[in-house]
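[1] Structure of the sequence below:
(2 chains)
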Amino acid sequence: MSILVYALHYEGEFNKNSLGAVSEGAKLAKELGGEAAAVVVGGDDLTDELCASLGGYGASKVYRVKGPEGLAQPVVDAMAKVIADEGFKYALFGGGLLGFEIGAGLTARLNAGVTMEVTAVKVQDGGLVAERPILQDSAIVDVGYVGEPGIIIGRLNAFDATESGDGAAEVVDVDVQLEDHSTKAVMVTRGEQRGADVNIEDADILVAGGRGLGKAEGFDLCESLAEALGGAVAATRAVVDAGWYPYAAQIGQTGKTVAPKLYLAAGISGAIQHKVGMQSAENIVAINKDANAPIFEFSDLGIVGDLNKILPKLTDAVKAKKG
Amino acid sequence: MSTAPVEFPPPVDSAKEFVAAPEDPEDERIEVGVAIVGGGPAGLACAIRLTQLLAEDESLMESLGEVPVALVEKGKSPGSHLLSGAMMHPSAMKKLFPDVAEGDWPTYGTVDTDAVYLLPNAKRAVPLKPTPPPFRNHGNHVTSVAQLGRWLSGHAEEAGVYILGETAAAKLLVDGGRVVGVRSGDKGRGREGEELSNFEPGSELIAQATVLCEGTQGHLTGAAIRRFGIGSEDPQQWELGVKEIWEVEQPLDRVIHTMGWPLRFGARYREFGGSFIYPMGEDRISMGLVAGLDYRDARFSVHDTLQLLKGHPLVAELIEGGKRVGWGAKTIPSGGYWARPRQLWAPGVAICGDGAGMVNVPTLKGVHYAMHAGMFAAEAIVERLKAGAGCQDLSNYARKVEGSEIEKDTYRSRNMRQPFTKGFFVGGAIANMMEISGGRLPGGRWATHDDATVDVFIGPERDYPKPDGKTTFDKLSSVFATGNATRDDAPNHIRIQDRVPLEVALMWQNMCPAAVYEVPEEELDAARANGNGKLDGKHEVTMQITPSNCIQCGAITAKGGRLTPPEGGDGPNYQAT
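    Presented below is the predicted three-dimensional model:
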């Protein structure tokens, strides 16, 4: 076996970043001539069917461990045991705070080498080499591993989830004795930080609003359009700062990094601090009344005009098209 | 309409907020020998000199406890907040490191050729020959102070200095009429000052002597000068410098200074300053524009004026095909000799470097004075400790400064900056006369003035270039290039009145190189409606402030506000400035 991936689940579904990591692990393992397996930790909601579904993303085996879900240390215990028993050469994480915490914990536990914020991984001379941006993303370094295992922690949304596998994965139950310190933390509540119910990182379509909306009520227009398109609403730092929208929806340097299929930027000027959070979106559509706004320099489609007129018309048109 | 920003003073009570008696229980205090505030050239030279002197006297070293020398630095590491031109005079490095060859210094070496140009307009450049004496830089080293700071801090740590990075010195601790140390700033507070889950209160550093080396606009330096009444009757003045580092295709073979365009010559605008362009090795240049903060036009922006300068053929040729790799901004004390604190020490504390105004304005020198002053402070403190006298009286530090080149050089140019309030040509003529006469003519004491007392007005629309992201840049992408990623919910560390006349608001917006202050579009629309399409200052506006953009240049303190140190570690992370 060559690559072990941690897959996070919540309410009967795997996290999009975890699925990305499984897909990436499977692809790389194939190139290395090995296989990728996944570790899942949780309770009874980890059904045989749910675990086996990771096979659809290329995992050959899924190690199922009973334990508290959503906490880092129990997963460190589980992965350390699986790696010790089965001898994996690499551990791969899809990013996110939990992935960072587990990856760091596992690194310390196994005295391993680690690379964080990885944006791509390649096979070179029979091993994996991680690409990691440095100096505010102005340069990329290649990081190879001299010892085993090598820990690779991806940047959020660095790896795409692609269904590629050959059906169901083999599910293996593993009994792991949790360390004393791993059971000290207890999950109190689980959910999006600061009470927001949007999960913008997983959305395929995002309608993002900026200061150009003029006032907090301007977000009503974004919400209607997002609802019609079946997407979610995101926001810039400036409007979160002004209290128009919750922090959980903030995109950019000090917010979240997203890569949806469609990013519709309404009234967003496109400062670099915002751009770094959304530049990997597949399609960027910008609406702004200022033709000189920097966002037009990196959008696929730009509309210069009044949001208050364009957004409602767009919403109506989408609704009409969808019937 | 014109208004002086000083009419809208910042809501600050320095004596109450920034000076306190120690209050932590004794077992929680951190006891050190000497506490140094600020990891710049002054603080690090002071720390290194202390370790050199203490190494010669083991029993004295032991008497100072486990931590003989501690240095607090608010940046991520020493160097993160350092920015200067700079052409460094070699005397201080030679004194501090007699065994290190000049070729091994962390500098870009010396440059043999000087060139000074007067730019009459956007097209022409008139070389001034022979090079005016203040601009002769033979023997001086092209230096990045950010890199110098990192190198010095490596030496300091090796010598046993205890460096506390990401730590702001928030309060001066005064007990029984003498300074007994500093209190570090709290960490993990929310926007309203509330304690977040990662809250960590500050700690008290108790020291036998405290050395304030905070650089320009020193936070505790200002508090100490007020508390002990040791300021000059002449107020300190500042200039704002914005600089960029460029990777270029052709190596630059000379040190260039320019005067004139894009600054305006008229006395009405009071735009005093110039630009510098220095080679940094074979493939980089450092360039910047410096302007006095006693300017008057609310539309004047040093950052955008630097963007304009890059369009001048003289400069455009140098950077053609190149790439901007760094940016930053900082104020420079420019009040000179008269504006320096009347007394450079108070019981238990010494003040060094830029915070004490140790800058020679005409020659654009300050780094080596800062280092000398730091070393003098170290020597004075060790003398006192050796005598068993305690550091209540540090007048011996002041005497060392007075007998040195710091005093001699700044006295010679003591009146050179002030005449420029009369405009470029008259001011230039008077300054020339001073230079030729070695500072004797015209004699007397030319008063300085507080930058914030100069009234500002809204001048005509400026023709700053639209940023293209290749040769010209907007403020926000420039802030990004500094590595600043301050969390958004940190408390606001900038004290200003946020409702002010439009000309003051616009002045702050344009002054700030980091886009911290903004007059909202709707306020501008309302002002235009009030003034029949014209903008004037009868209208009061409420500003939008984004403190997380702040790169702590200090201009706001000169122009009517008050910068305080944010949480340690916040702000820029300069690499080569």
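
[2] tally of neighbours for residue 212?
    Chain wasn't specified; assuming chain A. 22 (other C-beta atoms under 10 Å in any protein chain shown). Every residue, glycine included, has its C-beta placed from N, CA and C.

[3] Correction: the question concerned chain B.
    B:Leu212 has 33 neighbours, counted by other C-beta under 10 Å.

[4] where does chain B have its least confident helix or strand?
    Every helix and strand in chain B was compared by mean pLDDT, DSSP states H and E; the lowest is helix B:424-436, with a mean of 72.

[5] Distance from the chain centre to that one, please.
    With C-alpha atoms, centre = their mean, to the nearest Å as the basis, helix B:424-436 stands 26 Å off its chain's centre.

[6] One more: stretch B:495-509?
    22 Å.

[7] what does that stretch contact?
    If you take C-beta atoms under 8 Å, 6 or more residues apart in numbering or on different chains as the criterion, stretch B:495-509 is touched by B:1-3, B:5, B:8-12, B:298-300, B:456-458, B:517-519, B:523, B:527, B:535-543, B:545, B:556, B:559-564.

[8] Kindly format the C-alpha coordinates of that stretch as CSV.
    What follows is stretch B:495-509, C-alpha atoms only, in CSV (Å, rounded to 0.1, in the frame of the first residue of the first chain):
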residue,chain,number,x,y,z
ARG,B,495,-7.0,56.8,17.3
ILE,B,496,-8.6,59.6,15.2
GLN,B,497,-11.9,61.4,15.3
ASP,B,498,-13.9,59.7,12.6
ARG,B,499,-16.2,62.7,11.9
VAL,B,500,-14.2,65.5,10.4
PRO,B,501,-14.4,68.2,7.7
LEU,B,502,-14.1,66.8,4.2
GLU,B,503,-10.6,68.3,3.6
VAL,B,504,-9.2,66.6,6.7
ALA,B,505,-10.9,63.3,5.7
LEU,B,506,-9.6,63.5,2.1
MET,B,507,-6.2,64.4,3.4
TRP,B,508,-6.0,61.3,5.5
GLN,B,509,-7.4,59.1,2.7
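
[9] tell me which residues in it are buried?
    Neighbour counts over stretch B:495-509 (16 or more other C-beta atoms under 10 Å in any protein chain shown) mark B:495-497, B:500-509 as buried.

[10] pretty sure A:Ala168 is touching A:Ser53, no?
    Yes. A:Ala168 lies in contact with A:Ser53 (C-beta atoms under 8 Å); the separation is 7.4 Å.

[11] Neighbour count: the two, which is higher?
    In this view A:Ala168 and A:Ser53 are compared by other C-beta under 10 Å, and A:Ser53 has more residues nearby, 20 against 16.

[12] mind checking the SS state of B:Ala209?
    Using DSSP: H, G, I helix; E, B strand; the rest coil, the structure places B:Ala209 in strand.

[13] If I follow the layout properly, it ends up in contact with B:Val32?
    No. B:Ala209 is beyond contact range of B:Val32, at 9.8 Å (criterion: C-beta under 8 Å).

[14] Neighbour count: the two, which is higher?
    Between B:Ala209 and B:Val32, B:Ala209 has the larger neighbour count (other C-beta under 10 Å), namely 30 against 25.

[15] Backbone dihedrals for the residue nearest to that one when sequence neighbours are not counted, both of them.
    Closest residue to B:Ala209 apart from its sequence neighbours, by C-beta to C-beta, 6 or more residues apart in numbering or on different chains: B:Cys391 at 3.8 Å. Per-residue torsions, B:Cys391: phi -110, psi 30 (degrees, to the nearest 10).

[16] What is the burial count for B:Cys391?
    Neighbour count of B:Cys391, defined by other C-beta under 10 Å: 26.

[17] ok, then the element right after the least confident helix or strand of chain B?
    Of the helices and strands lying after helix B:424-436 in sequence (DSSP states H and E), the nearest is helix B:475-481.

[18] How many residues are close by the nearest residue to A:Ala293 once chain neighbours are set aside?
    Leaving aside its sequence neighbours, A:Ala293 sits nearest to A:Ser269 (C-beta to C-beta, 6+ apart; 4.7 Å). Neighbour count of A:Ser269, defined by other C-beta under 10 Å: 21.

[19] I figured A:Ser269 was touching A:Gly212, is that so?
    Yes. With contacts counted by C-beta under 8 Å, A:Ser269 reaches A:Gly212, the gap being 7.5 Å.

[20] Mind listing the shared neighbours of the two?
    Counting by C-beta under 8 Å, 6+ apart, the residues touching both A:Ser269 and A:Gly212 are A:288, A:290.

[21] how near is the residue lying closest to B:Val426 once chain neighbours are set aside to chain A?
    Counting by C-beta to C-beta, 6+ apart, B:Val426 lies nearest to B:Pro419, which is 6.9 Å off, once chain neighbours are set aside. Using C-beta to the nearest C-beta, to the nearest Å, B:Pro419 is found at 41 Å from chain A.

[22] Close to chain A: what parts of the stretch 451-577 of chain B are there?
    Proximity of the stretch 451-577 of chain B to chain A, by C-beta under 8 Å from any C-beta of the partner chain, involves residues B:466-467, B:469, B:474, B:476-477, B:479-481, B:483, B:485-489, B:546, B:548, B:575.

[23] give me that answer again for 6 Å
    B:476-477, B:480, B:483, B:485, B:488 (C-beta under 6 Å from any C-beta of the partner chain).

[24] Most neighbours among the residues you listed, which one?
    Most neighbours among those, by other C-beta under 10 Å: B:Phe480, with 22 neighbours.

[25] So what's the residue count around the closest residue to that residue other than its chain neighbours?
    Spatial nearest neighbour of B:Phe480, excluding adjacent residues (C-beta to C-beta, 6+ apart): A:Ile272 at 4.6 Å. The number of residues packed near A:Ile272 is 21, by other C-beta under 10 Å.

[26] for B:Glu249, same thing?
    11.

[27] pLDDT value on the residue nearest to it when sequence neighbours are not counted, please?
    Excluding the flanking residues, the one nearest B:Glu249 by C-beta to C-beta, 6+ apart is B:Gly321, at 4.7 Å. For B:Gly321, the pLDDT comes out at 95.

[28] swap in A:Lys16?
    In this prediction, A:Lys16 has a pLDDT value of 85.

[29] For chain B, give me the ranges with low pLDDT.
    Applying pLDDT under 70 to chain B picks out residues B:441-442, B:536-537.

[30] Quick check: the residue nearest the centre of it vs B:Met93, distance?
    Closest residue to the average C-alpha location of chain B: B:Thr216 at 3.4 Å, with C-alpha atoms, centre = their mean. Using C-beta to C-beta, to the nearest Å, B:Thr216 is found at 21 Å from B:Met93.

[31] Correct me if wrong: the residue nearest to A:Ala293 contacts A:Asn292.
    No. Judged on C-beta atoms under 6 Å, A:Ser269 makes no contact with A:Asn292 at a distance of 9.2 Å.
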